[in-house]
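[1] Pasted the sequence and its predicted model underneath.
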Amino acid sequence: MGRAMPAPSTTRNVTGTRFTRGLGIATLASIGLLAVLGLVVTPADAVQRNGVRIMYVHVPSVWLAYLAFVVTGVASAAYLWPRTRSLTWDRIAGASAEIGVLYVAITLVTGSLWGRLSWGRYWVWDARLTTTALLFVTYLGYLAVRGLGGTHPQRARRSALVAMFAVVEIPLVHFSVQRWNTLHQEESIAKGEINGLMLFAIFWGVVAFTLLYVWLLLHRQRVMAMEDAVEDRGLDRALVERRAEALVGRT
Amino acid sequence: MSVWAVARRIAAKDLRIEARSRVLVNQVLPFSGVVMVLFAFALDKASSDIPRQVAPGLVWLATVFSLLVMIQRVFAVERDDGALDALRVAGVTPAGLFLGKTIGLAVQLLALDLVLVVLAVILFDTAVAGLAAAGLLAVTVVVAGTALAGVGTLYGGLAAGAKGRDTLLPLLMLPVVVPVLIGATRSTEAAFGTGGIGMTEGWAWVALVGAFAALAVGGGALAFGALLEE
(Lines give C-alpha, C1' and ligand atoms only; values in the text may rest on other atoms or scores of the structure.)
Protein backbone atom coordinates (compact mmCIF):
# COMPACT_ATOMS: atom_id res chain seq x y z
CA MET A 1 0.00 0.00 0.00
CA GLY A 2 0.92 3.59 -0.47
CA ARG A 3 3.97 2.75 -2.50
CA ALA A 4 6.26 5.72 -2.07
CA MET A 5 6.54 7.99 -5.05
CA PRO A 6 9.97 8.77 -6.35
CA ALA A 7 9.60 11.40 -3.67
CA PRO A 8 10.93 14.80 -4.59
CA SER A 9 12.51 15.10 -1.20
CA THR A 10 12.27 13.12 1.97
CA THR A 11 13.12 15.98 4.28
CA ARG A 12 11.01 18.78 2.83
CA ASN A 13 7.40 17.89 2.07
CA VAL A 14 7.01 19.62 -1.25
CA THR A 15 5.73 18.44 -4.58
CA GLY A 16 7.98 20.67 -6.67
CA THR A 17 11.27 19.66 -8.23
CA ARG A 18 13.63 21.63 -10.40
CA PHE A 19 11.88 20.11 -13.40
CA THR A 20 8.38 21.12 -12.31
CA ARG A 21 9.52 24.60 -11.42
CA GLY A 22 10.99 24.99 -14.89
CA LEU A 23 7.80 23.53 -16.33
CA GLY A 24 5.71 25.94 -14.28
CA ILE A 25 7.63 28.92 -15.58
CA ALA A 26 7.34 27.65 -19.15
CA THR A 27 3.58 27.17 -18.60
CA LEU A 28 3.10 30.71 -17.34
CA ALA A 29 5.17 32.14 -20.18
CA SER A 30 3.28 30.17 -22.81
CA ILE A 31 -0.09 31.20 -21.39
CA GLY A 32 1.10 34.82 -21.42
CA LEU A 33 2.11 34.45 -25.04
CA LEU A 34 -1.26 32.82 -25.81
CA ALA A 35 -3.03 35.84 -24.31
CA VAL A 36 -0.99 38.20 -26.47
CA LEU A 37 -1.55 36.06 -29.57
CA GLY A 38 -5.24 35.64 -28.96
CA LEU A 39 -6.10 39.16 -27.88
CA VAL A 40 -3.65 41.36 -29.81
CA VAL A 41 -1.78 39.70 -32.65
CA THR A 42 -4.53 37.72 -34.38
CA PRO A 43 -7.10 39.64 -36.43
CA ALA A 44 -10.83 39.63 -35.79
CA ASP A 45 -12.76 37.16 -37.89
CA ALA A 46 -14.80 38.41 -40.85
CA VAL A 47 -17.98 36.73 -39.63
CA GLN A 48 -17.48 36.03 -35.95
CA ARG A 49 -15.50 39.23 -35.32
CA ASN A 50 -13.91 39.30 -31.87
CA GLY A 51 -15.93 36.28 -30.81
CA VAL A 52 -13.43 34.11 -32.64
CA ARG A 53 -10.88 34.83 -29.92
CA ILE A 54 -12.81 32.51 -27.60
CA MET A 55 -11.70 29.67 -29.86
CA TYR A 56 -8.08 30.03 -28.74
CA VAL A 57 -9.17 28.84 -25.31
CA HIS A 58 -12.17 26.71 -26.26
CA VAL A 59 -10.54 24.40 -28.80
CA PRO A 60 -7.34 23.65 -26.83
CA SER A 61 -9.29 23.03 -23.63
CA VAL A 62 -11.59 20.47 -25.25
CA TRP A 63 -8.64 18.68 -26.87
CA LEU A 64 -6.83 18.54 -23.57
CA ALA A 65 -9.99 17.33 -21.84
CA TYR A 66 -10.14 14.40 -24.27
CA LEU A 67 -6.45 13.74 -23.73
CA ALA A 68 -6.91 13.83 -19.95
CA PHE A 69 -9.74 11.31 -20.10
CA VAL A 70 -7.73 9.06 -22.43
CA VAL A 71 -4.91 9.17 -19.87
CA THR A 72 -7.42 8.30 -17.14
CA GLY A 73 -8.64 5.35 -19.19
CA VAL A 74 -5.14 4.08 -20.00
CA ALA A 75 -3.92 4.51 -16.42
CA SER A 76 -7.02 2.72 -15.12
CA ALA A 77 -6.42 -0.16 -17.52
CA ALA A 78 -2.79 -0.26 -16.37
CA TYR A 79 -3.99 -0.54 -12.79
CA LEU A 80 -6.42 -3.34 -13.59
CA TRP A 81 -3.80 -5.27 -15.57
CA PRO A 82 -2.13 -7.44 -12.89
CA ARG A 83 1.40 -7.04 -14.22
CA THR A 84 1.35 -3.27 -14.11
CA ARG A 85 -0.78 -2.90 -10.98
CA SER A 86 0.47 0.06 -8.99
CA LEU A 87 -1.26 2.74 -6.99
CA THR A 88 0.76 5.26 -8.97
CA TRP A 89 -1.41 4.43 -11.99
CA ASP A 90 -4.49 4.94 -9.86
CA ARG A 91 -3.29 8.35 -8.73
CA ILE A 92 -2.39 9.35 -12.29
CA ALA A 93 -5.89 8.32 -13.40
CA GLY A 94 -7.49 10.35 -10.62
CA ALA A 95 -5.32 13.42 -11.11
CA SER A 96 -5.88 13.33 -14.86
CA ALA A 97 -9.65 13.05 -14.43
CA GLU A 98 -9.68 16.05 -12.12
CA ILE A 99 -7.82 18.15 -14.66
CA GLY A 100 -10.02 16.79 -17.43
CA VAL A 101 -13.14 17.87 -15.57
CA LEU A 102 -11.61 21.32 -15.17
CA TYR A 103 -10.91 21.53 -18.91
CA VAL A 104 -14.41 20.33 -19.81
CA ALA A 105 -15.84 22.99 -17.52
CA ILE A 106 -13.75 25.61 -19.35
CA THR A 107 -14.92 24.14 -22.66
CA LEU A 108 -18.58 24.32 -21.69
CA VAL A 109 -18.38 27.86 -20.35
CA THR A 110 -16.38 29.26 -23.28
CA GLY A 111 -18.48 27.28 -25.72
CA SER A 112 -21.75 28.62 -24.44
CA LEU A 113 -20.40 32.17 -24.49
CA TRP A 114 -19.25 31.67 -28.06
CA GLY A 115 -22.61 30.13 -28.92
CA ARG A 116 -24.37 33.18 -27.56
CA LEU A 117 -22.29 35.39 -29.85
CA SER A 118 -22.44 33.22 -32.96
CA TRP A 119 -25.72 31.34 -32.76
CA GLY A 120 -27.55 33.76 -30.49
CA ARG A 121 -28.01 31.06 -27.89
CA TYR A 122 -26.02 29.79 -24.95
CA TRP A 123 -26.98 26.22 -25.61
CA VAL A 124 -28.21 24.20 -28.55
CA TRP A 125 -29.11 20.52 -28.39
CA ASP A 126 -26.42 19.42 -30.72
CA ALA A 127 -24.74 16.03 -30.44
CA ARG A 128 -21.27 17.26 -29.65
CA LEU A 129 -22.43 19.74 -27.02
CA THR A 130 -24.71 17.24 -25.38
CA THR A 131 -22.06 14.52 -25.32
CA THR A 132 -19.58 16.97 -23.82
CA ALA A 133 -22.03 17.89 -21.07
CA LEU A 134 -22.62 14.20 -20.35
CA LEU A 135 -18.86 13.64 -20.35
CA PHE A 136 -18.60 16.31 -17.68
CA VAL A 137 -21.25 14.67 -15.50
CA THR A 138 -19.80 11.17 -16.06
CA TYR A 139 -16.38 12.19 -14.79
CA LEU A 140 -17.88 14.13 -11.89
CA GLY A 141 -19.41 10.77 -10.98
CA TYR A 142 -16.01 9.12 -11.40
CA LEU A 143 -14.47 11.64 -9.00
CA ALA A 144 -17.32 11.03 -6.54
CA VAL A 145 -16.54 7.29 -6.69
CA ARG A 146 -12.91 8.07 -5.89
CA GLY A 147 -14.12 9.90 -2.79
CA LEU A 148 -16.12 6.96 -1.45
CA GLY A 149 -13.46 5.89 1.00
CA GLY A 150 -12.13 2.47 1.88
CA THR A 151 -8.57 1.30 1.50
CA HIS A 152 -6.41 2.59 -1.31
CA PRO A 153 -6.57 -0.63 -3.34
CA GLN A 154 -10.36 -0.62 -2.92
CA ARG A 155 -10.56 2.94 -4.17
CA ALA A 156 -8.21 2.12 -7.03
CA ARG A 157 -10.09 -0.94 -8.25
CA ARG A 158 -13.52 0.61 -7.91
CA SER A 159 -12.60 3.81 -9.71
CA ALA A 160 -10.61 1.97 -12.39
CA LEU A 161 -13.70 -0.12 -13.19
CA VAL A 162 -15.87 3.00 -13.37
CA ALA A 163 -13.32 4.57 -15.71
CA MET A 164 -13.50 1.48 -17.91
CA PHE A 165 -17.31 1.68 -17.99
CA ALA A 166 -17.00 5.32 -19.04
CA VAL A 167 -14.69 4.37 -21.91
CA VAL A 168 -17.29 1.88 -23.20
CA GLU A 169 -20.26 4.12 -22.55
CA ILE A 170 -19.14 7.41 -24.04
CA PRO A 171 -18.98 6.30 -27.71
CA LEU A 172 -22.48 4.80 -27.32
CA VAL A 173 -23.78 8.00 -25.76
CA HIS A 174 -22.21 10.03 -28.54
CA PHE A 175 -23.60 7.79 -31.25
CA SER A 176 -27.12 7.80 -29.84
CA VAL A 177 -27.17 11.54 -29.23
CA GLN A 178 -25.84 12.08 -32.74
CA ARG A 179 -28.64 10.07 -34.26
CA TRP A 180 -31.02 11.94 -31.99
CA ASN A 181 -30.04 15.41 -33.15
CA THR A 182 -27.23 17.14 -35.02
CA LEU A 183 -26.70 20.68 -36.11
CA HIS A 184 -23.19 21.56 -34.92
CA GLN A 185 -21.17 23.13 -37.67
CA GLU A 186 -18.56 20.82 -39.10
CA GLU A 187 -15.13 21.01 -37.58
CA SER A 188 -13.46 23.74 -39.53
CA ILE A 189 -9.83 23.12 -38.66
CA ALA A 190 -9.48 20.02 -40.78
CA LYS A 191 -10.79 21.85 -43.82
CA GLY A 192 -8.23 24.62 -43.65
CA GLU A 193 -10.74 27.46 -43.55
CA ILE A 194 -8.87 29.30 -40.86
CA ASN A 195 -6.10 31.76 -41.61
CA GLY A 196 -2.55 30.87 -40.64
CA LEU A 197 -2.16 33.22 -37.70
CA MET A 198 -5.42 32.02 -36.12
CA LEU A 199 -4.41 28.42 -36.62
CA PHE A 200 -1.09 29.16 -34.97
CA ALA A 201 -2.87 30.73 -31.99
CA ILE A 202 -4.98 27.60 -31.57
CA PHE A 203 -1.88 25.45 -31.92
CA TRP A 204 -0.12 27.59 -29.34
CA GLY A 205 -3.12 27.25 -27.06
CA VAL A 206 -2.74 23.47 -27.26
CA VAL A 207 0.96 23.78 -26.38
CA ALA A 208 0.25 26.07 -23.41
CA PHE A 209 -2.62 23.96 -22.11
CA THR A 210 -0.58 20.77 -22.50
CA LEU A 211 2.21 22.26 -20.40
CA LEU A 212 -0.38 23.30 -17.82
CA TYR A 213 -1.85 19.81 -17.88
CA VAL A 214 1.48 18.08 -17.30
CA TRP A 215 2.41 20.54 -14.58
CA LEU A 216 -0.90 20.10 -12.75
CA LEU A 217 -0.80 16.33 -13.23
CA LEU A 218 2.65 15.96 -11.69
CA HIS A 219 1.82 18.09 -8.70
CA ARG A 220 -1.63 16.68 -8.10
CA GLN A 221 -0.46 13.11 -8.37
CA ARG A 222 2.34 13.79 -5.87
CA VAL A 223 -0.10 15.48 -3.48
CA MET A 224 -2.29 12.36 -3.74
CA ALA A 225 0.69 10.13 -3.01
CA MET A 226 1.43 12.23 0.07
CA GLU A 227 -2.20 12.05 1.19
CA ASP A 228 -2.12 8.28 0.84
CA ALA A 229 1.17 8.12 2.73
CA VAL A 230 -0.23 10.25 5.55
CA GLU A 231 -3.25 7.97 5.83
CA ASP A 232 -1.05 4.87 5.88
CA ARG A 233 1.24 6.40 8.46
CA GLY A 234 -1.73 7.31 10.65
CA LEU A 235 -2.97 3.75 10.38
CA ASP A 236 0.45 2.29 11.18
CA ARG A 237 0.84 4.56 14.17
CA ALA A 238 -2.61 3.62 15.47
CA LEU A 239 -1.74 -0.07 15.09
CA VAL A 240 1.53 0.36 16.99
CA GLU A 241 -0.28 2.23 19.76
CA ARG A 242 -3.01 -0.40 20.09
CA ARG A 243 -0.38 -3.14 20.22
CA ALA A 244 1.49 -1.26 22.92
CA GLU A 245 -1.71 -0.89 24.91
CA ALA A 246 -2.39 -4.60 24.61
CA LEU A 247 1.08 -5.41 25.86
CA VAL A 248 0.69 -3.04 28.81
CA GLY A 249 -2.62 -4.64 29.66
CA ARG A 250 -1.05 -8.09 29.67
CA THR A 251 1.76 -7.33 32.09
CA MET B 1 -23.49 -24.86 -9.56
CA SER B 2 -23.29 -23.33 -12.99
CA VAL B 3 -23.61 -19.59 -13.46
CA TRP B 4 -27.07 -20.00 -14.91
CA ALA B 5 -28.30 -22.19 -12.07
CA VAL B 6 -27.11 -19.55 -9.61
CA ALA B 7 -28.70 -16.80 -11.67
CA ARG B 8 -32.03 -18.61 -11.80
CA ARG B 9 -32.09 -19.16 -8.08
CA ILE B 10 -31.09 -15.60 -7.22
CA ALA B 11 -33.74 -14.26 -9.60
CA ALA B 12 -36.35 -16.60 -8.16
CA LYS B 13 -35.39 -15.55 -4.64
CA ASP B 14 -35.65 -11.84 -5.48
CA LEU B 15 -39.00 -12.29 -7.18
CA ARG B 16 -40.28 -14.38 -4.27
CA ILE B 17 -39.24 -11.62 -1.86
CA GLU B 18 -41.05 -9.14 -4.09
CA ALA B 19 -44.16 -11.32 -4.29
CA ARG B 20 -44.31 -11.48 -0.50
CA SER B 21 -43.33 -7.92 0.37
CA ARG B 22 -45.23 -6.26 -2.53
CA VAL B 23 -42.89 -3.27 -2.52
CA LEU B 24 -43.16 -2.93 -6.30
CA VAL B 25 -46.94 -3.10 -6.29
CA ASN B 26 -47.55 -1.01 -3.20
CA GLN B 27 -44.83 1.61 -3.51
CA VAL B 28 -42.98 1.72 -6.84
CA LEU B 29 -46.01 1.50 -9.13
CA PRO B 30 -47.91 4.25 -7.29
CA PHE B 31 -44.73 6.34 -7.35
CA SER B 32 -44.37 5.98 -11.12
CA GLY B 33 -48.07 6.79 -11.53
CA VAL B 34 -47.61 10.00 -9.54
CA VAL B 35 -44.61 10.87 -11.72
CA MET B 36 -46.75 10.48 -14.85
CA VAL B 37 -49.45 12.74 -13.43
CA LEU B 38 -46.87 15.32 -12.33
CA PHE B 39 -45.51 15.39 -15.89
CA ALA B 40 -48.95 16.42 -17.09
CA PHE B 41 -48.95 19.31 -14.58
CA ALA B 42 -45.42 20.34 -15.59
CA LEU B 43 -46.43 20.37 -19.23
CA ASP B 44 -49.13 22.86 -18.35
CA LYS B 45 -52.26 21.52 -19.93
CA ALA B 46 -53.16 17.90 -20.01
CA SER B 47 -55.71 18.81 -22.64
CA SER B 48 -53.20 20.23 -25.14
CA ASP B 49 -51.37 18.09 -27.66
CA ILE B 50 -47.97 18.37 -25.99
CA PRO B 51 -48.36 15.54 -23.43
CA ARG B 52 -49.54 13.23 -26.19
CA GLN B 53 -46.48 13.97 -28.27
CA VAL B 54 -44.02 13.50 -25.44
CA ALA B 55 -45.83 10.56 -23.82
CA PRO B 56 -43.25 7.97 -25.04
CA GLY B 57 -40.44 9.92 -23.42
CA LEU B 58 -42.45 10.28 -20.22
CA VAL B 59 -42.93 6.53 -20.02
CA TRP B 60 -39.17 5.99 -20.12
CA LEU B 61 -38.35 8.90 -17.82
CA ALA B 62 -40.78 7.52 -15.25
CA THR B 63 -39.15 4.11 -15.74
CA VAL B 64 -35.67 5.50 -15.10
CA PHE B 65 -36.79 7.35 -11.97
CA SER B 66 -38.55 4.27 -10.67
CA LEU B 67 -35.47 2.21 -11.48
CA LEU B 68 -33.45 4.31 -9.03
CA VAL B 69 -35.91 3.45 -6.29
CA MET B 70 -35.99 -0.21 -7.30
CA ILE B 71 -32.22 -0.64 -7.30
CA GLN B 72 -31.98 0.71 -3.80
CA ARG B 73 -34.63 -1.78 -2.80
CA VAL B 74 -32.94 -4.68 -4.61
CA PHE B 75 -29.65 -4.06 -2.85
CA ALA B 76 -31.18 -3.18 0.51
CA VAL B 77 -32.51 -6.73 0.50
CA GLU B 78 -28.97 -8.06 0.14
CA ARG B 79 -27.40 -5.62 2.58
CA ASP B 80 -29.79 -6.26 5.46
CA ASP B 81 -28.56 -8.98 7.76
CA GLY B 82 -25.35 -9.16 5.76
CA ALA B 83 -26.99 -11.32 3.10
CA LEU B 84 -24.54 -10.20 0.42
CA ASP B 85 -21.55 -11.17 2.56
CA ALA B 86 -23.19 -14.51 3.30
CA LEU B 87 -23.66 -15.14 -0.42
CA ARG B 88 -20.02 -14.37 -1.09
CA VAL B 89 -18.82 -16.51 1.78
CA ALA B 90 -20.98 -19.31 0.39
CA GLY B 91 -18.93 -19.10 -2.79
CA VAL B 92 -21.73 -17.92 -5.07
CA THR B 93 -20.17 -16.83 -8.36
CA PRO B 94 -20.40 -13.06 -8.80
CA ALA B 95 -21.43 -13.46 -12.45
CA GLY B 96 -24.36 -15.63 -11.39
CA LEU B 97 -25.28 -13.17 -8.69
CA PHE B 98 -25.17 -10.32 -11.19
CA LEU B 99 -27.21 -12.14 -13.80
CA GLY B 100 -29.74 -13.29 -11.21
CA LYS B 101 -30.29 -9.82 -9.83
CA THR B 102 -30.44 -8.42 -13.37
CA ILE B 103 -33.10 -10.92 -14.39
CA GLY B 104 -35.12 -10.26 -11.25
CA LEU B 105 -34.93 -6.53 -11.84
CA ALA B 106 -35.75 -6.90 -15.55
CA VAL B 107 -38.91 -8.86 -14.77
CA GLN B 108 -40.02 -6.17 -12.33
CA LEU B 109 -39.23 -3.46 -14.88
CA LEU B 110 -41.30 -5.33 -17.45
CA ALA B 111 -44.29 -5.27 -15.12
CA LEU B 112 -43.69 -1.59 -14.38
CA ASP B 113 -43.47 -0.66 -18.07
CA LEU B 114 -46.64 -2.47 -18.98
CA VAL B 115 -48.45 -0.37 -16.39
CA LEU B 116 -46.75 2.81 -17.57
CA VAL B 117 -47.68 2.17 -21.21
CA VAL B 118 -51.30 1.64 -20.19
CA LEU B 119 -51.12 4.84 -18.14
CA ALA B 120 -49.72 6.71 -21.15
CA VAL B 121 -52.64 5.46 -23.25
CA ILE B 122 -55.17 6.49 -20.61
CA LEU B 123 -53.68 9.77 -19.41
CA PHE B 124 -52.17 11.12 -22.59
CA ASP B 125 -54.54 9.83 -25.22
CA THR B 126 -52.00 7.74 -27.10
CA ALA B 127 -52.68 4.46 -28.83
CA VAL B 128 -50.76 1.49 -30.12
CA ALA B 129 -51.79 1.30 -33.74
CA GLY B 130 -51.91 -2.25 -34.98
CA LEU B 131 -50.19 -5.56 -34.35
CA ALA B 132 -46.81 -4.53 -35.80
CA ALA B 133 -46.68 -1.54 -33.46
CA ALA B 134 -47.60 -3.72 -30.51
CA GLY B 135 -44.79 -6.12 -31.44
CA LEU B 136 -42.29 -3.27 -31.63
CA LEU B 137 -43.44 -1.95 -28.28
CA ALA B 138 -43.23 -5.36 -26.63
CA VAL B 139 -39.68 -5.94 -27.90
CA THR B 140 -38.70 -2.41 -26.85
CA VAL B 141 -39.99 -2.96 -23.32
CA VAL B 142 -38.12 -6.27 -22.97
CA VAL B 143 -34.84 -5.06 -24.49
CA ALA B 144 -34.79 -1.68 -22.75
CA GLY B 145 -35.83 -3.32 -19.47
CA THR B 146 -32.88 -5.72 -19.76
CA ALA B 147 -30.48 -2.87 -20.54
CA LEU B 148 -31.70 -0.79 -17.62
CA ALA B 149 -31.64 -3.76 -15.27
CA GLY B 150 -28.05 -4.57 -16.27
CA VAL B 151 -26.80 -1.02 -15.79
CA GLY B 152 -28.81 -0.65 -12.60
CA THR B 153 -27.45 -3.84 -11.04
CA LEU B 154 -23.90 -2.92 -12.01
CA TYR B 155 -23.96 0.57 -10.50
CA GLY B 156 -26.20 -0.55 -7.66
CA GLY B 157 -23.58 -3.14 -6.73
CA LEU B 158 -20.87 -0.52 -6.95
CA ALA B 159 -22.73 1.86 -4.66
CA ALA B 160 -24.06 -0.86 -2.36
CA GLY B 161 -21.06 -0.99 -0.05
CA ALA B 162 -20.40 2.73 0.15
CA LYS B 163 -21.66 5.45 2.37
CA GLY B 164 -23.46 8.24 0.57
CA ARG B 165 -24.63 5.65 -1.95
CA ASP B 166 -28.18 6.90 -2.18
CA THR B 167 -27.09 10.21 -3.59
CA LEU B 168 -24.25 8.79 -5.66
CA LEU B 169 -26.29 6.26 -7.62
CA PRO B 170 -28.32 8.76 -9.70
CA LEU B 171 -25.20 10.75 -10.57
CA LEU B 172 -23.43 7.63 -11.78
CA MET B 173 -26.32 5.95 -13.51
CA LEU B 174 -28.33 8.67 -15.22
CA PRO B 175 -25.65 9.74 -17.71
CA VAL B 176 -25.07 6.11 -18.62
CA VAL B 177 -28.68 5.31 -19.45
CA VAL B 178 -28.94 8.13 -22.00
CA PRO B 179 -28.67 5.78 -25.01
CA VAL B 180 -31.43 3.58 -23.57
CA LEU B 181 -33.64 6.56 -22.85
CA ILE B 182 -33.19 7.95 -26.35
CA GLY B 183 -33.50 4.61 -28.14
CA ALA B 184 -36.48 3.33 -26.19
CA THR B 185 -38.25 6.68 -26.51
CA ARG B 186 -37.78 6.75 -30.29
CA SER B 187 -39.03 3.22 -30.82
CA THR B 188 -41.97 3.82 -28.49
CA GLU B 189 -42.77 6.91 -30.54
CA ALA B 190 -42.78 4.74 -33.63
CA ALA B 191 -45.15 2.30 -31.90
CA PHE B 192 -47.42 5.12 -30.70
CA GLY B 193 -47.16 6.92 -34.03
CA THR B 194 -46.50 10.26 -32.31
CA GLY B 195 -42.94 11.17 -33.24
CA GLY B 196 -43.18 11.13 -37.02
CA ILE B 197 -40.70 8.26 -37.28
CA GLY B 198 -41.42 5.04 -39.06
CA MET B 199 -41.45 1.47 -37.85
CA THR B 200 -38.15 0.65 -39.60
CA GLU B 201 -36.38 3.42 -37.74
CA GLY B 202 -38.05 2.25 -34.57
CA TRP B 203 -36.51 -1.18 -35.03
CA ALA B 204 -33.10 0.40 -35.69
CA TRP B 205 -33.36 2.14 -32.31
CA VAL B 206 -34.32 -1.12 -30.64
CA ALA B 207 -31.17 -2.65 -32.14
CA LEU B 208 -29.08 0.12 -30.59
CA VAL B 209 -30.69 -0.47 -27.21
CA GLY B 210 -30.09 -4.20 -27.71
CA ALA B 211 -26.38 -3.60 -28.31
CA PHE B 212 -26.32 -1.52 -25.15
CA ALA B 213 -28.10 -4.27 -23.23
CA ALA B 214 -25.56 -6.86 -24.42
CA LEU B 215 -22.67 -4.62 -23.33
CA ALA B 216 -24.22 -3.80 -19.97
CA VAL B 217 -25.10 -7.41 -19.12
CA GLY B 218 -21.84 -8.87 -20.48
CA GLY B 219 -19.65 -6.19 -18.93
CA GLY B 220 -21.54 -6.39 -15.66
CA ALA B 221 -21.14 -10.16 -15.43
CA LEU B 222 -17.39 -9.76 -15.96
CA ALA B 223 -16.85 -6.82 -13.62
CA PHE B 224 -19.27 -7.60 -10.81
CA GLY B 225 -16.85 -9.85 -8.94
CA ALA B 226 -14.19 -7.16 -8.81
CA LEU B 227 -16.75 -4.61 -7.61
CA LEU B 228 -17.98 -6.76 -4.74
CA GLU B 229 -14.61 -8.15 -3.74
CA GLU B 230 -13.97 -5.71 -0.93
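    Sure thing, it's come through. All values derive from a computational prediction rather than experimental measurement. Residues are numbered from 1 along each chain as shown, chains lettered A, B, ... in the order given.

[2] Please go through chain A and pick out the longest helix.
    When chain A is parsed with DSSP state H, its longest helix is helix A:196-250.

[3] Sort out which residues of the lowest-mean-pLDDT helix or strand in chain A are buried, please.
    Every helix and strand of chain A was ranked by mean pLDDT, DSSP states H and E. The lowest is helix A:152-180, at a mean of 87. Buried residues in helix A:152-180, counting neighbours by 16 or more other C-beta atoms under 10 Å in any protein chain shown, are found at A:152, A:155-167, A:169-170, A:172-177, A:179-180. Bear in mind the C-beta positions are built from the backbone N, C-alpha and C, glycine included.

[4] How about stretch A:199-218?
    A:201-202, A:204-213, A:215-218.

[5] Give me the subset of these that also touch chain B.
    Checking the buried residues of stretch A:199-218 against chain B by C-beta under 8 Å from any C-beta of the partner chain, not one of them is in range.

[6] Show me which residues of chain B are close to chain A?
    So chain B meets chain A at B:154, B:158, B:162-164, B:168, B:171-172, B:174-176, B:178-179, B:182-183, B:186, B:208, B:211-212, B:215, B:219, B:223, B:226-227, B:229-230 (C-beta under 8 Å from any C-beta).

[7] just checking, which of the residues you listed belong to helices?
    The members of the residues of chain B next to chain A that map onto helices under DSSP H are B:154, B:158, B:168, B:171-172, B:174-176, B:178-179, B:182-183, B:186, B:208, B:211-212, B:215, B:219, B:223, B:226-227.

[8] Show the buried residues in those.
    Buried among these (16+ other C-beta under 10 Å): B:154, B:158, B:168, B:171-172, B:174-176, B:178-179, B:182-183, B:186, B:208, B:211-212, B:215, B:219, B:223, B:227.

[9] Pull the number of nearby residues for A:Arg233.
    11 (other C-beta atoms under 10 Å in any protein chain shown).

[10] I should have written A:Thr107 there, sorry.
    25.

[11] show me what contacts it?
    A:Thr107 is in contact with A:58, A:61-62, A:65, A:132, counting by C-beta atoms under 8 Å, 6 or more residues apart in numbering or on different chains.

[12] what about stretch B:43-63, distance to the chain center?
    19 Å (C-alpha atoms, centre = their mean, to the nearest Å).

[13] Pass me the low-pLDDT residue ranges in chain A, would you?
    A:1-12, A:181-194, A:249-251 (pLDDT under 70).

[14] and it, which residues reach chain B?
    Listed as neighbours of chain B in chain A under the rule C-beta under 8 Å from any C-beta: A:80, A:134, A:137-138, A:140-141, A:144-145, A:148-150, A:154, A:157-158, A:161-162, A:164-165, A:168-169, A:172-173, A:175-177, A:179-180.

[15] give me that answer again for 6 Å
    A:134, A:137-138, A:141, A:144, A:148, A:154, A:157, A:161, A:169, A:172-173, A:176, A:180 (C-beta under 6 Å from any C-beta of the partner chain).

[16] Of the residues you listed, just say which sits nearest to A:Ala127.
    Ranked by distance to A:Ala127 (C-beta to C-beta), the residues of chain A next to chain B are led by A:Trp180 at 7.2 Å.

[17] so what's the closest one up against?
    The contact partners of A:Trp180, by C-beta atoms under 6 Å, 6 or more residues apart in numbering or on different chains, come to B:Ile182.

[18] now swap in B:Phe98 and tell me
    By C-beta under 6 Å, 6+ apart, the residues touching B:Phe98 are B:153, B:220-221, B:224.

[19] tell me which element it is part of?
    B:Phe98 belongs to helix B:94-124 when assigned by DSSP states H and E.

[20] And that helix, what's buried?
    For helix B:94-124, the neighbour count (16+ other C-beta under 10 Å) marks B:94-110, B:112-113, B:115-117, B:119-120, B:123-124 as buried.

[21] So the residue nearest to B:Ile71 when sequence neighbours are not counted versus B:Asp166, what's the distance?
    Leaving out its chain neighbours, the residue that sits closest to B:Ile71 by C-beta to C-beta, 6 or more residues apart in numbering or on different chains is B:Gly156, at 3.9 Å. Separation of B:Gly156 from B:Asp166 (C-beta to C-beta, to the nearest Å) stands at 11 Å.

[22] sorry, back to before: hmm, which two among the contacts of B:Phe98 are most spread apart?
    B:Thr153 and B:Ala221 (9.8 Å).

[23] between the two, who's got more neighbours?
    Using other C-beta under 10 Å as the criterion, B:Thr153 and B:Ala221 rank with B:Thr153 on top: 29 against 22.

[24] residues contacting that one?
    So B:Thr153 contacts B:98, B:101-102 (C-beta under 6 Å, 6+ apart).

[25] Between those residues, which sits nearest chain A?
    B:Phe98 (12.9 Å; C-beta to the nearest C-beta).

[26] Could you check the pLDDT of the closest one?
    For B:Phe98, the pLDDT comes out at 93.

[27] which one is it nearest to, not counting chain neighbours?
    B:Phe98 sits nearest to B:Phe224 (C-beta to C-beta, 6+ apart), 3.8 Å away.
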